[in-house]
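*Asks:* Quick one: sequence plus predicted model below, questions after.
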There are 2 protein chains.
Amino acid sequence: MKPRILVVDDEPEAVELVEFNLKQAGYAVNTAADGAEALRKARAQTPDLIVLDVMLPEMDGFEICKTLRLDAATARVPIIMLTAKAAEIDRVLGLELGADDYITKPFSPRELLLRVKKILARSGADEKVEEQLRFGDLLIDLPRHLASWKGRSIDLTATEFKLLTLLAQRAGRVQSRDQLLRDVWEYDSLIDTRTVDTHMRRLREKLGSASKHLDTVRGVGYRFVE
Amino acid sequence: MKPRILVVDDEPEAVELVEFNLKQAGYAVNTAADGAEALRKARAQTPDLIVLDVMLPEMDGFEICKTLRLDAATARVPIIMLTAKAAEIDRVLGLELGADDYITKPFSPRELLLRVKKILARSGADEKVEEQLRFGDLLIDLPRHLASWKGRSIDLTATEFKLLTLLAQRAGRVQSRDQLLRDVWEYDSLIDTRTVDTHMRRLREKLGSASKHLDTVRGVGYRFVE
DNA sequence: TGCGGCTGTCACCCAATCGTCACAGTGGCG
DNA sequence: CGCCACTGTGACGATTGGGTGACAGCCGCA
């Protein structure tokens, strides 16, 4: 299921730009041009995220935001506000309104996507992460926390599983030891260790012939090859 | 887009040194001599990174750091603190201030660059250079760390890959041996060696007919031609 | 409290890789 | 044509990076 996003702005061009980029990125997009329409659509089919312009005719973004928060159906939908004025930011993020993030106009599509992704990841709605990764005879089942090779399951520790998953999710791309330390170990490391190497060794041992997927790129890091 | 870095220090010489080195490395640099100026500039045009001296007149680095964190526009900008005292380090990195890294004075330009690079890589602001470079049948894939010619992959060492990538990214422009030493080898030394030549040779050997892209410009350096 | 599985670190080792040197080509210029 | 400054080449130790085995601390669990 694609996450649904409702985009609210009265300028057709702005709507179009945002809509195009979000659709491009694989989201389902609805639009509304004013407050009344926004509230109606939001209630009719609760979206996973609302992108809301502050400047709107009649009912402004702040009003809409407050109203959405009052309705049980939409109270917890994350909201990203679009604003032209830096001065509005405090109010936007303040408790009174409780938007989840804001973007100042003008913004780059890239910036928008980054924030959308972040917010959805936080709320857990961005459920398009693959639940299973399969590479030939190697199967990684994320929710079950199981890996198997030719149907025979491989007994991995938590760290090993995380390491394997991370490499597999970024298959093809080399990951430096630093990146791995940050992403698997959540170290903010400026330290030097052989930890990654050791775990790669253990992982390879356990994977047996499946370890052919794990490449060492000398002087750079490791890479999962398909 | 070059990443923007704001350098804050009250000693003009220190600023100049840092500024010079960062510009050399391809960053856009702004400077500020005191806290007020720093805050103003940081808010006016959010930088991708701030290099901040602890010892400043009136408002010290700690103050500035805290203030920056309070403003939504600058709250997430990574900060590298410059400090003379080892004793300050804990405070600098502690939760209260939340600097992202620190360097103790005196420091070498090389050290500074390493940290700057690392921090920017982490925050992802060290922008999206093209992920792939293609010149006819020659393909350079950065994230995969692979080069190929007519679909056949070429096995390059880390240094060779970096050298090729750098030349290719600056295709058409001659790079002097000094520049290459700085950018590929990260030397600051002006030591004269034949190292670059040797690596160019190895690179050419491995590239085979693709080495036609690598030009020698006698008396100057090397150039990648399309 | 004792046990066993995980983890992070270390020391050691080997092969890939690197930097340097001496020497051979080469091109530019008078 | 011949010199000279540069660059290409082949070879060779030195260095480094990563694989490997061992080990001690830690944590959960009985």
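*Replies:* Now that the structure is in, tell me what you want to look at. Numbering: from 1, shown residues only, chains lettered A, B, ... in the order given.
*Asks:* what number of residues lie near residue A:158?
*Replies:* 8 (other C-beta atoms under 10 Å in any protein chain shown). Heads up, the C-betas are built off the backbone N, CA and C, glycines and all.
*Asks:* now it: how far from DNA strand D?
*Replies:* Taking C-beta to the nearest atom of the strand, to the nearest Å as the measure, residue A:158 falls 11 Å from DNA strand D.
*Asks:* Tell me the pLDDT of that residue.
*Replies:* Per-residue pLDDT puts residue A:158 at 90.
*Asks:* ditto for residue A:84
*Replies:* pLDDT for residue A:84: 65.
*Asks:* Just give me the longest helix of chain A.
*Replies:* In chain A, assigned by DSSP state H, the helix with the most residues is helix A:109-123.
*Asks:* which residues sit against that one?
*Replies:* The contact list for helix A:109-123 (C-beta atoms under 8 Å, 6 or more residues apart in numbering or on different chains) reads A:3, A:5, A:17-18, A:21-22, A:25, A:27, A:48-49, A:51, A:78, A:80, A:100-101, A:103, A:126.
*Asks:* Backbone dihedrals for the residue of chain A found nearest DNA strand D, both of them.
*Replies:* Here chain A gets closest to DNA strand D at one residue, residue A:216, 3.6 Å apart by C-beta to the nearest atom of the strand. Backbone torsions for residue A:216, taken as degrees, to the nearest 10, come to phi -100, psi 130.
*Asks:* now check the next helix-or-strand element following the longest helix of chain A, is it near chain B?
*Replies:* Per DSSP states H and E, the first helix or strand lying C-terminal to helix A:109-123 is strand A:132-135. No. Residues of strand A:132-135 are not located near chain B by C-beta under 8 Å from any C-beta of the partner chain, the shortest gap being 15.6 Å.
*Asks:* hmm, back to that, can you select the buried ones among the contacts of helix A:109-123 for me in ChimeraX?
*Replies:* The ChimeraX command for the buried members of the contacts of helix A:109-123 (criterion: 16 or more other C-beta atoms under 10 Å in any protein chain shown) is given here:
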select /A:3,5,17,18,21,22,25,27,48,49,51,78,80,100,101,103,126
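*Asks:* out of the contacts of helix A:109-123, which touch chain B?
*Replies:* Counting by C-beta under 8 Å from any C-beta, no member of these reaches chain B.
*Asks:* Inside strands: which ones of the contacts of helix A:109-123?
*Replies:* In this view, these that belong to strands under DSSP state E are A:5, A:49, A:51, A:80, A:101, A:103.
*Asks:* my guess is the first one contacts residue A:51, does it?
*Replies:* Which is residue A:5. Yes. Taking contacts as C-beta atoms under 8 Å, residue A:5 lies within contact range of residue A:51: 6.4 Å.
*Asks:* Any buried residues in stretch A:7-25, and which?
*Replies:* Of the residues in stretch A:7-25, those buried under the neighbour-count criterion (16+ other C-beta under 10 Å) are A:7, A:8, A:9, A:15, A:17, A:18, A:19, A:21, A:22, A:25.
*Asks:* tell me the contacts of the fourth one?
*Replies:* The neighbours of residue A:15, taking C-beta under 8 Å, 6+ apart as the test, are A:7, A:9, A:31, A:33.
*Asks:* If we use 7 Å, what do you get?
*Replies:* The contact partners of residue A:15, by C-beta atoms under 7 Å, 6 or more residues apart in numbering or on different chains, come to A:7, A:9, A:31.
*Asks:* Tell me the one among these nearest to DNA strand C.
*Replies:* For the contacts of residue A:15, the nearest to DNA strand C is residue A:7 (42.7 Å; C-beta to the nearest atom of the strand).
*Asks:* my guess is residue A:74 is in a helix, correct?
*Replies:* No. Applying DSSP: H, G, I helix; E, B strand; the rest coil, one finds residue A:74 to be coil, outside a helix.
*Asks:* That one reaches residue A:42, doesn't it?
*Replies:* Yes. Between residue A:74 and residue A:42 there is a contact at 5.0 Å, judged by C-beta atoms under 7 Å.
*Asks:* So for the two, which sits in the more crowded spot?
*Replies:* Legend: neighbour count by other C-beta under 10 Å for residue A:74 and residue A:42, higher for residue A:42 (24 against 18).
*Asks:* Can you pull the phi and psi angles for that one?
*Replies:* phi -70, psi -40.
*Asks:* Run a quick neighbour tally on the nearest residue in space to residue A:164 that is not next to it in sequence.
*Replies:* Nearest non-adjacent residue to residue A:164, counting by C-beta to C-beta, 6 or more residues apart in numbering or on different chains: residue A:203, 5.9 Å away. Neighbourhood size, residue A:203 [other C-beta under 10 Å]: 23.
*Asks:* Right, I'll call it a day here.
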